[in-house]
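Trainee: A structural model of the following input is requested.
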Amino acid sequence: MIQSDVFPRFVISALRGGSGKTIVSIGLIAALKESGKIIAPFKKGPDYIDAGWLALAAGRPCHNLDTFLITPDNVKKSFLSKALHSDISVIEGNRGLFDGIDMSGNTSTAEIAKLLDAPVILCLDCTKTTRTMAAVVCGCKAFEPDIRIAGIVLNRVAGPRHEGILTKTIEHHSGIPIVGAIPKLSSDDFPERHMGLIPTHEHQGAMESINAAKRAATKYINLEKILDIANSAPSMQTQYEQLADLTSSAEIRIGVLRDSAFQFYYPDNIDCFTSRGAEIIYISPLKDKELPEIDALYIGGGFPETHAKELSDNASFRESLKNKIEEGLPVYAECGGLMFLGRTIETDSKKHEMSGIFPLDFTISKKPQGHGYVIASPDQPNIWFDEGVEVKGHEFRYSKVEYCGCSDKDMIYRMKRGVGIINGRDGLSYKNTLASYMHIHALGASQWIESMLRNAKTYKQSK
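Mentor: A predicted model of the protein is given here:
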């Protein structure tokens, strides 16, 4: 049972993507951490890269909050359990404050702010505008009056005169205080372009970028006002049971492929196994020569295409994986994991051999081939999900299937929303392996947790 009722917190949002809110979030988290605060970072929406940066800045895992993937009640429970042992919770939104999947704003950052009763700090890209921004802020304030916009950070300000006009007009017309004004910074000062595109694992200067964001936040944002906003958040109802801790799974060993090729895992997806007593064995298909002794394997997303040659060169690992799958090892794979289980990945006009479990050849496109929330319904027998249920997730990928030697019946999912692999189908199944383009969140897919543990136990007992 969660006991505390004080959870200092705020949401950082913007009018649109690309306004600089991730940089502001990273900078504030790092600056507050340096002042001695324990920060619980959260990212609204299905996102791995921004969450990775927020986690690095905070020095602790960043958890995702998403009302499409997870029920609102479980989102709130998850927030409370993760925020419990921190001083401040920082929730970074995505896209514009009111952007959601429908006219009512469901799944928006505003919905999360309302659900958690959290004040909002709005980060505004002020490029080539002055008084008009006051009208925009007034519009946001009036659009959903139950959202409390408690402060504004002006970003990309051209100079003192620009900042002065913006501050006077916005504060006068909206009554919302300006809590920071960040000038236009060069890429040398602030490597934003890289931070938005490259995961922390692949960014050689990750901590340098974090420190640059921290210096900017410390210099240009009033941290005392930020703390006041966080502390102004009302107390929260705390009579929530912790999220269910079900079957004990002691002595189960679940392998997780994790290195610079495979790094997209929601922390909750790993926590749901360790909280049941399962042991997590991290494995690198880039460095390890074969699979260790495990009872099930989880392969998340990532960028196997940027490591295609190295993955291909590690023939002994691929052979080990293939042999274990033939023996019946339960394997669940998502997106990059699906690609690794295919036949080839083509990069720079060269095909690289993968594990060959499924007759799929992949290429990489310049534009996303699948992007957004998905809903899949299993309609084929399998050991992971009941037929007819809805499985929610998301897909975001640049890869596409150039050749598919599978039939529709080889894929257990009928896509009710989203793209999938081909012909409105996804979820390739072979023996005890399931692989799809869809990423799922454990807190919204409890059957997946139980299936992974049950399948692991069955496999362990069969050995």
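
Trainee: in which helix or strand would I find the residue of the chain most remote from its centre?
Mentor: Largest separation from the mean C-alpha position in the chain: Arg161, at 38.6 Å (CA atoms, centre = their mean). When elements are assigned from DSSP states H and E, Arg161 belongs to helix 160-174.

Trainee: helices and strands around that helix, which ones?
Mentor: Here helix 160-174 touches helix 132-143, strand 149-157, strand 178-183, going by 3 or more CB pairs under 8 Å, 6 or more residues apart in numbering; DSSP states H and E. Where you see a C-beta, it was placed from the backbone N, CA and C, and this is true even at glycine.

Trainee: quick one: low-confidence ranges for the stretch 101-250 of the chain?
Mentor: Within the stretch 101-250 of the chain, the ranges that satisfy pLDDT under 70 run 186-204, 238-250.

Trainee: how about the helices in the stretch 201-350 of the chain?
Mentor: Counting by DSSP state H, counting those that start in this stretch, the stretch 201-350 of the chain has helices at residues 206-220, 223-231, 267-274, 308-313, 315-327, 336-341.

Trainee: Present these as CSV; the columns should include distance to Ser349.
Mentor: Listed next are the helices of the stretch 201-350 of the chain as CSV, based on distance: least, CB to CB, whole Å:
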stretch, distance to Ser349
helix 206-220, 31
helix 223-231, 50
helix 267-274, 35
helix 308-313, 12
helix 315-327, 22
helix 336-341, 17
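
Trainee: Comparing these, which stretch has the densest surroundings?
Mentor: Here the criterion is mean neighbour count by mean count of other CB atoms under 10 Å, and of those the winner is helix 336-341, at a mean of 27.

Trainee: Next up, phi/psi of the closest residue to His307 other than its chain neighbours, please.
Mentor: Computed as CB to CB, 6 or more residues apart in numbering, the closest residue to His307 that is not its neighbour in sequence is Ala261, at 4.0 Å. Backbone geometry at Ala261, expressed as degrees, to the nearest 10, gives phi -90, psi -30.

Trainee: The longest helix seen in the chain: which residues count as buried?
Mentor: For the chain, the helix with the greatest residue count under DSSP state H is helix 446-462. Burial within helix 446-462, assessed by neighbour count using 16 or more other CB atoms under 10 Å, is assigned to 448-457, 459-460.

Trainee: re earlier: please spell out which residues along the helix holding Arg161 are buried.
Mentor: Buried residues in helix 160-174, counted by 16+ other CB under 10 Å: 162-163, 165-167, 169-170, 174.

Trainee: which residues sit against that helix?
Mentor: The contact list for helix 160-174 (CB atoms under 8 Å, 6 or more residues apart in numbering) reads 126, 130-131, 133-135, 137-138, 141, 149, 152, 154, 157, 176-178, 181.

Trainee: okay, the buried residues of helix 446-462 in TSV with pLDDT next?
Mentor: Shown next, in TSV, are the buried residues of helix 446-462 (pLDDT from 0 to 100):
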residue	pLDDT
Trp448	96
Ile449	95
Glu450	95
Ser451	96
Met452	97
Leu453	96
Arg454	96
Asn455	97
Ala456	97
Lys457	95
Tyr459	97
Lys460	95
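
Trainee: Quick one: those residues as TSV, columns for distance to Ser108 too.
Mentor: Formatted as TSV, those follow (distance: CB to CB, whole Å):
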residue	distance to Ser108
Trp448	26
Ile449	27
Glu450	31
Ser451	31
Met452	31
Leu453	34
Arg454	36
Asn455	36
Ala456	37
Lys457	40
Tyr459	42
Lys460	43
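
Trainee: which of the residues you listed lies closest to Ile88?
Mentor: Ile88 lies nearest to Ile449 out of the buried residues of helix 446-462, by CB to CB, at 29.9 Å.

Trainee: Touching, that closest one and Ile440? I think so.
Mentor: No. With contact defined as CB atoms under 8 Å, Ile449 does not reach Ile440; the gap is 10.1 Å.

Trainee: Identify the residue spatially nearest to Phe264, adjacent ones excluded.
Mentor: Nearest residue to Phe264 in three dimensions, chain neighbours excluded: Gly301, at 3.6 Å (CB to CB, 6+ apart).

Trainee: per-residue confidence at the one you found?
Mentor: Note for Gly301: predicted pLDDT of 96.

Trainee: hang on, it packs against Ala261?
Mentor: No. Gly301 is not in contact with Ala261 according to CB under 8 Å; the separation is 10.0 Å.

Trainee: In space, what's closest to Asp426 - neighbours in sequence excluded?
Mentor: The nearest residue in space to Asp426 (CB to CB, 6+ apart) is Gly420, at 3.3 Å.

Trainee: State the pLDDT value of the one you found.
Mentor: Gly420 is assigned a pLDDT of 95 by the prediction.

Trainee: what about it, which SS state?
Mentor: coil (DSSP: H, G, I helix; E, B strand; the rest coil).

Trainee: contacting residues around it?
Mentor: Contacts of Gly420 (CB under 8 Å, 6+ apart): 370, 374, 376, 395, 411, 413, 426-427, 436-438.

Trainee: Restricted to strands, list those.
Mentor: 370, 374, 376, 395, 411, 413, 426-427, 436 (DSSP state E).

Trainee: any residues in contact with both of Gly301 and Ala261?
Mentor: In contact with both Gly301 and Ala261: Gly336, using CB under 8 Å, 6+ apart.

Trainee: looking at it, Glu334 is touching Gly301, isn't it?
Mentor: Yes. Contact criterion CB under 8 Å: Glu334 and Gly301 qualify, at 5.2 Å.

Trainee: More neighbours: which of the two?
Mentor: Glu334 (25 against 22; other CB atoms under 10 Å).

Trainee: who touches that one in this structure?
Mentor: 264, 299-301, 435-440.

Trainee: what's across from it in the sheet?
Mentor: Judged by DSSP bridges, the bridge partners of Glu334 are Ser436.

Trainee: so what's the residue nearest to Phe264 up against?
Mentor: Residues near Gly301 by CB under 8 Å, 6+ apart: 48, 262-264, 334-337, 439.

Trainee: Kindly report the same for Gly302.
Mentor: Neighbours of Gly302 in contact, by CB under 8 Å, 6+ apart: 260-264, 335-336.

Trainee: Burial check on Ile101, number of neighbours?
Mentor: 14.

Trainee: That should have said Thr306, apologies.
Mentor: For Thr306, the count of nearby residues is 15 (other CB under 10 Å).

Trainee: let's have the chain start at 444 instead
Mentor: With 444 as the first residue, the last one maps to Thr749.

Trainee: looking at it, it is touching Asp702, isn't it?
Mentor: No. With contact defined as CB under 8 Å, Thr749 does not reach Asp702; the gap is 11.8 Å.

Trainee: Of all the helices and strands packed on helix 603-617, which one is nearest Lys525?
Mentor: Lys525 sits nearest to strand 592-600 of all the helices and strands packed on helix 603-617, at 21.9 Å, using CB to CB.

Trainee: what residues does the closest one touch?
Mentor: The contact list for strand 592-600, computed with CB under 8 Å, 6+ apart, reads 453, 462-463, 467, 562-570, 580, 583-584, 606, 609-610, 613, 617, 619-627, 664, 668-669, 672, 675.

Trainee: Buried ones from these, can you make that a ChimeraX selection?
Mentor: Buried subset of the contacts of strand 592-600, written as a ChimeraX selection, criterion 16+ other CB under 10 Å:
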select :453,462,463,467,562,563,564,565,566,567,568,569,580,583,584,606,609,610,613,617,619,621,622,623,624,625,626,664,668,669,672
